[in-house]
Structure formats: C-alpha cells, structure tokens
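Q: Show me how the following folds:
(one chain, ligands or ions: 2)
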Amino acid sequence: MLQQLLPADIRGLDADATDSRIRAARTALGSKLVILGHHYQRDEIIKWADFRGDSLKLSQIAGNHPEASYIVFCGVHFMAESADILTNSDQAVILPNMTAGCSMADMANIDQVEACWSWLSTVTDTSRIVPITYVNSTAALKAFVGKHGGASCTSSNARNIVSWALERGDKLLFFPDQHLGRNTAADLGLDPAKDMALWDPAKADGGLTADQVRDSRVLLWKGHCSVHARFSVDQIEKARRDYPGIHVIVHPECSLEVVRAADSAGSTEHILKKISDAPAGTSWAVGTEVNLVSRLAHEMPEKTIFCLDPVVCPCSTMYRIHPHYLLWILEGLVEGEVRNQVSVPTEVAAEAKLALERMLAIS
Ligand code: 13P
Ligand code: SF4
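A: Ligands and ions are numbered 1, 2, ... in the order given. So this is what the prediction gives:
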C-alpha cells in the first residue's frame, strides 16, 4: 500500500484554508461524489461525510449508490475493498490515505489460512467446516470464505452469521478476531473451554492436537484488535465504583471477560444508538475507540459519557485520514485524476462477493 507524499502547498495549509478548498471541491463534484465516514474518523473528517456508520451500514450504503462515480471511503483499507466489491465496475472507490490499514486484518493472511485449512483436512472433514471471516480482513480471505461456502460478518450481524454457520456445518473456523468469534459463540450458548479451540498461526499445526480440533465446534484464529485489547475488567469495576448506576457498553472486539463484565456489547452503530436513545442524566462508560466516544460526549452534553480507558486509545490507522489527504483526493477528482483507487482484482472480487452477499442476505 504505497502512499505518495502530499504536495508541499497542501501540507502547509491551515485548517480554515483546507476546509474552504474541500468545500469548493465537494461542491464542484456534486452528486458524482459520495463521502463515507466510519464512526472512528476524527471530527475534522466526519463533518464532510454524506453518510456515517459502522462497517455493515457503510458497505450497504456503498452498494446502494450506483449514481455516484466516486465513493471516497474515510475508513480503513478493508472497508474500501468491500465497497469496491459491492459497487459497479464503473464506480471508483477511493481511500484518502493508502496507509490506513487495520492491524487486526493483518493478523491473518491468505497463505496462513490456506495452510491452516490444509492441516485441518488431515485431521477432519473440511467440507463440514464453515469458514467465517470478520469483514476486518483482506479481500483474499473473503474470497477464500466465498469459495468454501462460508460468509463474512461484521460486529452487527455476527450472531446471525455464526448461528447460520453452526446449522450448516459441524464446525466453524472464525478469523481473524478471536474475541468477536468467542463472544458471539458464547452468547449462543457454546462453552469457551469445551467447545472452542484457538488456532495460533505462529505455531506448528496452530498449536492444536487432532483431538482438540475434533472436539471443538468453533476454531478461533489468534488475532485481536490492539485498541480494544486495552479495555479491562478493572476499568469497569472502577467506573462502577466512581459512578454508581453507570451503564457500561463495549465493542465485541473486547475480551470475553470484559464483555461479560459490561452491561451490553455491540457494534459502533449499536453503541451510538443505545446511548442516543437513553434518557438525559444517564451515565455511560464506553469501551471503544476514543474519537467515537468523544463525539458522543460532545453531542450529548446532557449525559455523562466517557471512555473506559483513561489513557485514551485512538485507532492509529483510522487517524491517518487527515483533511489534507481528503483535499488532495477531491482536488484530483475535480481535475479528472482518480488517486488512491482501491481495486480488488476481478477473480478475487467474484469469490469475495459471494461471502459479502451471503452476509448481507443473512443480516
Ligand atoms: P464496527 O463494524 O462496529 O464499526 O467495527 C469496525 C471496527 O473496526 C471496530 O474496531
Ligand atoms: Fe482495526 Fe482495531 Fe482500528 Fe478497528 S479499531 S480498524 S479492528 S485496528
């Protein structure tokens, strides 16, 4: 993912000048342009978004705007790939900064997944395993899942997708986020100690024995989100001591212990809706990325809202979408130059689309 250095005249702009040039370019592009903003984007970016949302909502919106020639995705690389797969071939999906990746998505690559599958085939019947990939994964992994009869999922629909997979097969292989997989399967009544096993791609044979594979219903990939790994049960206990009656809400990328200690867990859109719907005067300790939490606190001053982690935790890759990059992209489009197009190769896109469409049908 190469990102060229921005021109010096853009790098030197202050916030007001940047904003007025973004505004002018946006107006010039009119309905040819749709800007999507994930909830973790900084305020200086989210204010330009035509639509804000979680991963599921934004991929649905991307697929529902065939009139837009350019979809500028203010989020991270896997989201732009999904949007490219779900849009028409005459539409360009653009990521303002090509270095905006996701460290969790990088924890499983196609060679590792193929190697895992091949080893599993020596100890069990892989035609009875349904692979599920969290959307936080490369298009190549979605294609693998599409080819093997599985589906993608997001944190909004993981429950439905995992139930679907459990009905279809004897086991499921869930990558790359062990926590979303474990939390979802536990929520459906499976026992983390008895029914689940952890595949570690850094170990020979994933660190598992043939018996462990045969005895498990859910094989979890050893991946995680470093932002959500920061939240702890101690933080929740402290929030409850400091603010009696507080509601604790966390993202399901947090560990099982944290999700169990919280009052509820759900996607970024779920967190937003739950807090927005709550009455004035309520207090909320939130276990997710700080840009979203700070925005909620700012937009709802009649409620007490704060991040569970006192050493706030921005997603450093989401943060790479700076207004200067957005300006550079939009002015390029005005001049007829498409920069930073995310384009999934056709063969990969066809199979990945199966995984995404199955997900959207089940959601
Ligand atoms: P959502 O689908 O809940 O927006 O989550 C995306 C993500 O990357 C969370 O870390
Ligand atoms: Fe990836 Fe975590 Fe950032 Fe979400 S918060 S994009 S999972 S690194």
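
Q: buried sites along the longest helix that the chain contains?
A: Longest helix in the chain by number of residues (criterion: DSSP state H): helix 346-362. Residues of helix 346-362 classed as buried by neighbour count (16 or more other CB atoms under 10 Å): Val348, Ala349, Glu351, Ala352, Lys353, Leu354, Ala355, Leu356, Glu357, Arg358, Met359. From N, CA and C alone the C-beta is placed, and that goes for glycine too.

Q: What's the separation between the closest residue to Gln178 other than its chain neighbours and Ser155?
A: Closest residue in space to Gln178, ignoring its immediate chain neighbours: Leu220 at 4.3 Å, by CB to CB, 6 or more residues apart in numbering. As judged by CB to CB, to the nearest Å, Leu220 and Ser155 stand 15 Å apart.

Q: Equivalent analysis for Asn340, please.
A: 26 Å.

Q: out of the two, which sits in the busier spot?
A: Between Asn340 and Ser155, counted using other CB atoms under 10 Å, Ser155 has the larger neighbour count: 26 against 23.

Q: List phi and psi for that one.
A: phi -70, psi -20 (degrees, to the nearest 10).

Q: In contact with it, which residues?
A: Asp54, Ser55, Leu56, Tyr134, Leu180, His251, Pro252, Glu253, Gly266, Ser267, Thr268, His270 (CB atoms under 8 Å, 6 or more residues apart in numbering).

Q: The first one is in contact with Thr154, isn't it?
A: This means Asp54. Yes. Asp54 is within contact range of Thr154, at 6.8 Å (criterion: CB atoms under 8 Å).

Q: Arg214 is in contact with Ala197, correct?
A: No. Under the criterion of CB under 8 Å, Ala197 makes no contact with Arg214, lying 9.7 Å away.

Q: Which of these two has more residues huddled nearby?
A: Per other CB under 10 Å, whichever of Ala197 and Arg214 has more neighbours is Ala197, with 21 against 13.

Q: Which helix or strand contains the more buried one?
A: Secondary structure assignment for Ala197, by DSSP states H and E: strand 196-199.

Q: swap in Val259?
A: Using DSSP H and E, Val259 falls in helix 256-261.

Q: Check which residues of that helix are buried.
A: Leu256, Val258, Val259, Ala261.

Q: With ligand 2 as the reference, measure out to the first one.
A: If I follow you right, that is Leu256. 17 Å (CB to the nearest ligand atom, to the nearest Å).

Q: what do you get for the last one?
A: Using CB to the nearest ligand atom, we find Ala261 at a distance of 20 Å from ligand 2.

Q: picking up where we left off before, verify the contact between the residue nearest to Gln178 and Asn183 for me.
A: No. Counting by CB under 8 Å, Leu220 does not reach Asn183; the two are 10.3 Å apart.

Q: Neighbour count: these two, which is higher?
A: Set side by side, Leu220 and Asn183 show more neighbours around Asn183, with 27 against 24, by other CB under 10 Å.

Q: and the helix or strand containing the more buried one, which residues are buried?
A: Using DSSP H and E, Asn183 sits in helix 178-187. For helix 178-187, the buried set under the neighbour-count rule, 16+ other CB under 10 Å, comprises Gln178, His179, Leu180, Gly181, Arg182, Asn183, Thr184, Ala185, Ala186, Asp187.
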